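Enquirer: okay, here's the prediction I keep looking at, along with the sequence it came from:
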Amino acid sequence: MSSPPKLRFEEILKLVEYIPITGSLPSNGRFAKNITIDSMFYFESLQRKGSFRDIVRVINMELAKIGGQQNRFQRERQNATFLDIEQRYKQLHEIGCSYPVEYLLLDFCLAALDEDYLDAALYLAHSFHILGLSKSFNLLLSVIVNEKLMYDRDVKRLIILLARAIEPRNAESYIDTYGTRFRRRYDIYREGLRMEAI
């Protein structure tokens, strides 16, 4: 019997702890000196070697499962549980937060795909503090931003799959509300879906 998606995702993210990453905050992670996306490390919990790229590829497989669900409502429920932010959504709505917080992580993905690393870092920091993303997931995403890894096909696929998994039902109307820059980023994302045949 396979692990529930949230548990499986947490297990995968624990592997990030084996990668030498510098940074005093979860949002400013970088590879340690002479470390690359393909540097190999021993993952004690798995009793085998792997790389940051290997972690990204396994996460891609998990995100593809979520994105592959037929019904967008099912995907939304699954991703809130998967990312462990459902409770946070409720708390923010109860206190009257008017910003549609479910878009913070989507905004991060769109900025990263546009290779606007400054905006991506800002949205990621807000996602971490406001949505309460896990430290391991935030650290993984911050390495992608701070090391400017969007040129890499596996990393780009991760960001596209993440955006697809978390994209709210009314994303089109939201994007149109915020103008041409957001529209361009959304178009880059949609083109990425097409190119990756997702």
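Expert: In hand now; what should we look at?
Enquirer: which residues sit in contact with the residue nearest the centre of the chain?
Expert: The C-alpha lying nearest the average C-alpha coordinate of the chain belongs to Leu162 (Cα atoms, centre = their mean; 5.0 Å). Counting by Cβ atoms under 8 Å, 6 or more residues apart in numbering, Leu162 touches 63, 105, 109. No exception for glycine: its C-beta is placed from N, CA and C like everyone else's.
Enquirer: quick check: next helix or strand after the lowest-mean-pLDDT helix or strand in the chain?
Expert: Lowest on mean pLDDT, DSSP states H and E among the helices and strands of the chain sits helix 72-82, with a mean of 53. Toward the C-terminus, helix 72-82 is succeeded by helix 86-94 as the next helix or strand (DSSP states H and E).
Enquirer: show me which residues of that following helix are buried.
Expert: Buried residues in helix 86-94, defined by neighbour count with 16 or more other Cβ atoms under 10 Å: 88, 92.
Enquirer: tabulate the CA atom coordinates of it in PDB.
Expert: Taking Å, rounded to 0.1, in the frame of the first residue of the first chain, the C-alpha atoms of helix 86-94 are listed here in PDB:
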ATOM      1  CA  GLU A  86      -5.700  24.200   4.300                       C
ATOM      2  CA  GLN A  87      -5.900  25.200   7.900                       C
ATOM      3  CA  ARG A  88      -3.900  28.400   7.100                       C
ATOM      4  CA  TYR A  89      -6.400  29.300   4.400                       C
ATOM      5  CA  LYS A  90      -9.200  29.100   6.900                       C
ATOM      6  CA  GLN A  91      -7.400  31.200   9.500                       C
ATOM      7  CA  LEU A  92      -6.600  33.900   7.000                       C
ATOM      8  CA  HIS A  93     -10.200  34.000   5.700                       C
ATOM      9  CA  GLU A  94     -11.500  34.200   9.200                       C
END
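Enquirer: for it, packing partners?
Expert: Packing contacts for helix 86-94, counted by 3 or more Cβ pairs under 8 Å, 6 or more residues apart in numbering; DSSP states H and E, involve no helix or strand.
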